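Colleague: A predicted structure for the sequence below; I have some questions about it.
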Amino acid sequence: METKKAPLSIRVIYWLTSIVFGLLATVLLGAIVFNILLYTDFFGNDMQLHILLPVKVDFLEIGNLRLNNQNIKIELVEATTRIHFFNTPGFIAKKFGIAMLCVSLFTCYLTWTFRMFIKNVKDGEIFTLINIALLKRISYTLIGFWLFTVIYIRIAYYYIANGLEFDNVFITDDIPNYSGILFFALFIWVLAHIFGTGLKLQQEKDLTI
């Protein structure tokens, strides 16, 4: 019996996911090595660390926009930015290293689980218990990643951003909640139940035949 070939789009997604997972695995390995070097004091006090500020900043910068042969007066009033630590203290670098390791683990696990799901679809195994379990696993992992992100952002705000002082920049308390991750997790969870319904219908059809 001839095996039906998977659609090109599914095969492309599978190979792209495999490539992305390989890159993320390399990043994870780098994060592990980075943390080991941090705890062996390999970098000393010479590390120049750049991290994303978890909140927006308010400032006032007046400029001009050249558009349709006109000079339009504008102001920059809000932005996201990064912090550059000169000679980063070890206790800050270690905390950032742990956070980076956690994010790398989450993304690697999510990509690997999604790769397993796409492989099953590519092989023609769609409405199966394994796929339903994989989709639920992706959903729960995304919820865990969302919780980690929300907690990390708030800790970073009170630990770093709340103590920053500038002359012409105001640090806001507009802390993002990344609700898009949570909605996507719920969408995957609903999709898992749709697959479960599809499996029941398929089983009923097989029993009828």
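Modeller: Structure's in. What do you need?

Colleague: Ile83 sits in which helix or strand?
Modeller: strand 82-85 (DSSP states H and E).

Colleague: kindly report the same for Leu37.
Modeller: Per DSSP H and E, Leu37 falls inside helix 8-39.

Colleague: again with Asn64
Modeller: Assigned by DSSP H and E, Asn64 belongs to strand 57-67.

Colleague: just checking, next helix/strand downstream of that strand?
Modeller: Using DSSP H and E, the helix or strand that follows strand 57-67 in sequence is strand 70-79.

Colleague: circling back: tell me the mean pLDDT for the helix holding Leu37?
Modeller: Across helix 8-39, pLDDT averages out at 93.

Colleague: in its sheet, what does the strand holding Asn64 sit against?
Modeller: Looking at strand 57-67 with DSSP bridges, its partner strands are strand 70-79 (antiparallel), strand 169-171 (antiparallel).

Colleague: Val150 is nearest to which of those strands?
Modeller: Among the strands paired with strand 57-67, the nearest to Val150 by Cβ to Cβ is strand 169-171 (18.8 Å). In this view, the C-beta of every residue, glycine as well, is placed from N, C-alpha and C.

Colleague: so for the helix or strand following the closest one, what gets flagged as buried?
Modeller: Using DSSP H and E, the next helix or strand after strand 169-171 towards the C-terminus is helix 179-208. Neighbour-count burial for helix 179-208 flags Ile181, Leu182, Ala185, Ile188, Trp189, Ala192, Phe195, Gly196, Leu199 (criterion: 16 or more other Cβ atoms under 10 Å).

Colleague: chain center to helix 179-208, what's the gap?
Modeller: Put simply, helix 179-208 sits 24 Å off its chain's centre (Cα atoms, centre = their mean, to the nearest Å).
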